[in-house]
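S.K.: return a 3D structure for these sequence lines:
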Amino acid sequence: MAESIVNIEVEDLKRVELVKVNGRIDSSNAAEFDNVLKEVVGRKHNVVLEMSGVDYISSAGLRAMIALLRECKKHKGNVRLANPSERVVEVLALAGLDSLFDVYDSEAAAVGSF
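M.R.: Modelled structure (predicted):
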């Protein structure tokens, strides 16, 4: 079995942290994804997840996203999704979580919504 690869880049913008995620988020790297999100929410409570390059996300990845959302909301912030891949949209819908996140067609629209 091939090792799952996820690439996570964080960009610190004026009012928001932009997290760009590419690859697969599964049980082998969901902890890494979760740790990055915890670092991000420690700095700012408005976060945009740009997930156009995510071709797979496991339940562990979803848990990390929910934990991020809870932490942001606790501090009057929020999490927005920018241009999520069809697979991410599908998994969120199947899990019944699609109504929790505001989804935007572009990174600029998601960042500008804050």
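
S.K.: quick one: the helices in this protein, in order.
M.R.: Applying DSSP state H to the chain gives helices spanning 30-43, 59-74, 86-94, 107-112.

S.K.: can you give me the angle the first one makes with helix 59-74?
M.R.: Angle, helix 30-43 to helix 59-74, by axes from the mean of the first three to the mean of the last three Cα atoms, to 10 degrees: 10 degrees.

S.K.: use 35 as the first number from now on
M.R.: With 35 as the first residue, the last one maps to helix 64-77.

S.K.: give me the helices and strands touching helix 64-77, please.
M.R.: strand 40-46, strand 51-59, strand 80-91, helix 93-108 (3 or more Cβ pairs under 8 Å, 6 or more residues apart in numbering; DSSP states H and E). C-beta: built from backbone N, CA, C; applies to glycine.

S.K.: which outside residues touch it?
M.R.: Residues outside helix 64-77 that contact it (Cβ atoms under 8 Å, 6 or more residues apart in numbering) are 40, 42, 44, 46, 51, 53, 55, 59, 81, 92, 94-95, 97-99, 101-102, 105-106, 109, 111.
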